[in-house]
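Enquirer: Predicted coordinates and the sequence they were generated for:
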Amino acid sequence: MSTWTYLGTDPVPGSVVLDDLEIVLEYLRRVKQRQRYYTELRESLELVIKDRLGETEVGTLRGVPVATFKKSLRISVSIARLRALHPDVAKACEDIAEVRTFVLLG
């Protein structure tokens, strides 16, 4: 727990004061913003290469393989459909775990 003296308004009940971590929060905001930028950039660059590959699986640079774009099958289970068709099986297969989700507000 921080020994920082809180000088602002009354804290939210059940909260922890993060005033001394203001720079950490600011850097995290900047990193998340850059991460979004680089994710969008990566996706657009990959799209250029995928468009060139078309249905071909391997792309080369000077005769050396540098990228692949392969098809594969993915099997998934529709939980909604399973619950509708076999609620007893869906219930028997449930695995419930507590999770904590971090959200940077503002």
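Expert: Structure received.
Enquirer: Can you tell me the element the closest residue to Leu104 other than its chain neighbours falls in?
Expert: Of all residues beyond its chain neighbours, the one nearest Leu104 is Leu28 (6.1 Å), with distances taken as Cβ to Cβ, 6 or more residues apart in numbering. Glycine gets a C-beta too; all of them are placed from N, C-alpha and C. Using DSSP states H and E, Leu28 falls within helix 22-53.
Enquirer: if I look at Leu61, how far off is Ala84?
Expert: When distance is defined by Cβ to Cβ, to the nearest Å, Leu61 is 50 Å away from Ala84.
Enquirer: three-state assignment of Pro65?
Expert: Under DSSP: H, G, I helix; E, B strand; the rest coil, the three-state class of Pro65 is strand.
Enquirer: looking at it, it is touching Gly59, isn't it?
Expert: Yes. With contact defined as Cβ atoms under 8 Å, Pro65 reaches Gly59; the gap is 7.3 Å.
Enquirer: More neighbours: which of those two?
Expert: Set side by side, Pro65 and Gly59 show more neighbours around Gly59, with 14 against 10, by other Cβ atoms under 10 Å.
Enquirer: my read is that one is in a helix, agree?
Expert: No. Per three-state DSSP, Gly59 lies outside any helix segment and is strand.
Enquirer: what sits against it?
Expert: 49, 52-53, 65-69 (Cβ atoms under 8 Å, 6 or more residues apart in numbering).
Enquirer: Let's have these in JSON lines, adding pLDDT.
Expert: Compiled in JSON lines, the contacts of Gly59 are given as follows (pLDDT from 0 to 100):
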{"residue": "Ile49", "pLDDT": "98"}
{"residue": "Arg52", "pLDDT": "98"}
{"residue": "Leu53", "pLDDT": "98"}
{"residue": "Pro65", "pLDDT": "97"}
{"residue": "Val66", "pLDDT": "98"}
{"residue": "Ala67", "pLDDT": "98"}
{"residue": "Thr68", "pLDDT": "98"}
{"residue": "Phe69", "pLDDT": "97"}
